[in-house]
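Trainee: Could you work out the structure for the sequence below:
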Amino acid sequence: MIRFALLGAGRIGQMHAANIAGHERCKLSWIYDVHTPSSEALCTKTGAKVARDPDEIFDDAEVDAVFVASSTPTHADFIVRSVESGKAVLCEKPIDLDIAKVEECSKKISGAKTLIQIGFNRRFDPGHGQVVEAVRNGEIGDLEQVIISSRDPEPPPKAYYLAAGGMLRDMTIHDFDLARFALGEEVTQVSAFTSNLFDKVAQEIGEIDSAMILMKTASGKLCHINNSRHATYGYDQRLEAHGSLGMLRSENRQPTNVERFNANGSHWRDACEFFFIERYRQAYLRQLEVFMDTLEQGKASSVSFEDGRRALILANAAYRSVETGQVVTVNYENPLEEL
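Mentor: Residues are numbered from 1 along each chain as shown. Modelled structure (predicted):
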């Protein structure tokens with residue numbers, strides 16, 4: 001039985017708390033949130049204890065793992081504290097919005113044997129995972145192109161925009177990681193275009209609501225990511241891989257798979273799942289299970305700190321491309337030189 005402590009009782013933390021508390025292989029021991037009433041309410045639902053201070057969690061020798069679902073500026077510090085206290089850590093993306101802080105965190109945890117997994121849940125989506133597995137097995141021959149479509153159902157509120165650190169570091173960072181996962185090799189060049197086409201709130205604060213990114217690997221594989229902050233038909237999440245022998249595609253999810261046929265048309269289906277937690281419900285649960293498997297078996301992390309670091313480096317490269325209008329060569333070794 002793996003004993004978890006949860007840091008963060010917001011929207012995403014509540015989902016993780018339910019997954020941990022409801023799983024037979026683990027127990028939710030503690031919950032901490034800066035807003036104590038939120039942690040108290042969640043503890044009432046799950047049976048966990050309220051932590052008034054993170055020290056209570058890190059000082060508890062019976063806690064095996066820490067799930068970091070708090071605000072982004074706390075992630076790097078909580079990763080370091082988890083490692084220092086000898087506790088495995090599963091941390092929501094991103095590690096931080098500032099690559100300098102990520103590099104500092106990397107130095108502090110260098111050489112640690114503690115399990116660190118970053119919460120890029122889309123790797124664990126059954127459809128996306130099957131596409132990547134089939135690519136690795138040679139089902140479509142030599143991989144040539146990857147296309148990722150990622151569109152939110154509606155724009156976020158102003159407060160979210162102001163705290164998110166920019167669309168490419170907040171939303172697209174999932175797609176940068178999925179691209180690396182699907183391509184199976186590192187992206188070396190990035191070209192990006194962004195725009196504000198429809199969201200007046202984003203316009204007011206100088207934020208974007210749409211993006212298209214082209215990326216290339218050293219071997220010549222190409223990837224296209226298209227993003228939008230709205231989609232009238234729901235949460236649009238698709239992955240396509242094209243190769244020398246065929247094509248694979250992971251499609252959207254609907255509440256049901258019923259198709260309707262009548263005098264007005266055919267093949268009508270439900271709109272896509274509207275909320276990201278609903279769309280990736282299976283992925284979040286699988287992510288937790290893989291983390292527990294990895295911890296129990298003493299294996300290396302399948303979604304490492306370095307994966308989180310490299311996704312942010314790609315986001316920064318995309319921003320540089322937007323600012324300069326040029327194709328940017330990605331510098332993984334010394335990303336601070338590009339600032």
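Trainee: tell me the contacts of residue 39?
Mentor: By Cβ atoms under 8 Å, 6 or more residues apart in numbering, the residues touching residue 39 are 9, 31-33, 50-51. No exception for glycine: its C-beta is placed from N, CA and C like everyone else's.
Trainee: what's the nearest residue to the residue most central in space within the chain if we skip its chain neighbours?
Mentor: Taking Cα atoms, centre = their mean, the centroid of the chain lies closest to residue 120, which sits 3.3 Å from it. Excluding the flanking residues, the one nearest residue 120 by Cβ to Cβ, 6 or more residues apart in numbering is residue 177, at 4.3 Å.
Trainee: Residue 276 against residue 253, yeah?
Mentor: No - at 11.1 Å, residue 276 does not count as touching residue 253 under the criterion of Cβ atoms under 8 Å.
Trainee: all helices for the stretch 51-200 of the chain, in order.
Mentor: 54-58, 75-84, 99-109, 126-136, 158-164, 167-170, 172-183, 200-204 (DSSP state H, counting those that start in this stretch).
Trainee: nearest to residue 239, of the ones you listed?
Mentor: Proximity to residue 239, assessed across the helices of the stretch 51-200 of the chain by Cβ to Cβ, is greatest for helix 126-136 (5.0 Å).
Trainee: what's that closest one packed up against?
Mentor: Applying 3 or more Cβ pairs under 8 Å, 6 or more residues apart in numbering; DSSP states H and E, we find helix 126-136 packed against helix 172-183, strand 236-243, strand 246-250, helix 281-297.
Trainee: and the following helix or strand past the longest one, C-alpha only, in PDB?
Mentor: It stands for helix 281-297. Moving toward the C-terminus from helix 281-297, the next helix or strand (DSSP states H and E) is helix 305-324. Listed next in PDB are the C-alpha coordinates belonging to helix 305-324 (Å, rounded to 0.1, in the frame of the first residue of the first chain):
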ATOM      1  CA  PHE A 305      12.200  15.600 -14.900                       C
ATOM      2  CA  GLU A 306      14.300  15.900 -18.100                       C
ATOM      3  CA  ASP A 307      11.100  15.400 -20.100                       C
ATOM      4  CA  GLY A 308       9.500  18.300 -18.300                       C
ATOM      5  CA  ARG A 309      12.600  20.400 -18.800                       C
ATOM      6  CA  ARG A 310      12.800  19.800 -22.500                       C
ATOM      7  CA  ALA A 311       9.100  20.500 -23.100                       C
ATOM      8  CA  LEU A 312       9.600  24.000 -21.500                       C
ATOM      9  CA  ILE A 313      12.700  24.500 -23.700                       C
ATOM     10  CA  LEU A 314      10.600  23.800 -26.800                       C
ATOM     11  CA  ALA A 315       8.000  26.300 -25.600                       C
ATOM     12  CA  ASN A 316      10.600  29.000 -25.100                       C
ATOM     13  CA  ALA A 317      12.000  28.200 -28.600                       C
ATOM     14  CA  ALA A 318       8.500  28.600 -30.100                       C
ATOM     15  CA  TYR A 319       8.200  32.000 -28.400                       C
ATOM     16  CA  ARG A 320      11.600  33.100 -29.800                       C
ATOM     17  CA  SER A 321      10.400  32.000 -33.300                       C
ATOM     18  CA  VAL A 322       7.300  34.200 -32.900                       C
ATOM     19  CA  GLU A 323       9.400  37.100 -31.700                       C
ATOM     20  CA  THR A 324      12.000  36.900 -34.400                       C
END
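Trainee: Show the average pLDDT along the following helix or strand past helix 305-324.
Mentor: Of the helices and strands lying after helix 305-324 in sequence (DSSP H and E), the nearest is strand 328-329. Averaged over strand 328-329, pLDDT sits at 98.
Trainee: Quick check: can you name the pairing partners of strand 328-329 and their directions?
Mentor: Strand pairing for strand 328-329, using DSSP bridges, gives strand 187-195 (antiparallel).
Trainee: State the mean pLDDT of the strand it pairs with.
Mentor: In the prediction, strand 187-195 has an average pLDDT of 98.
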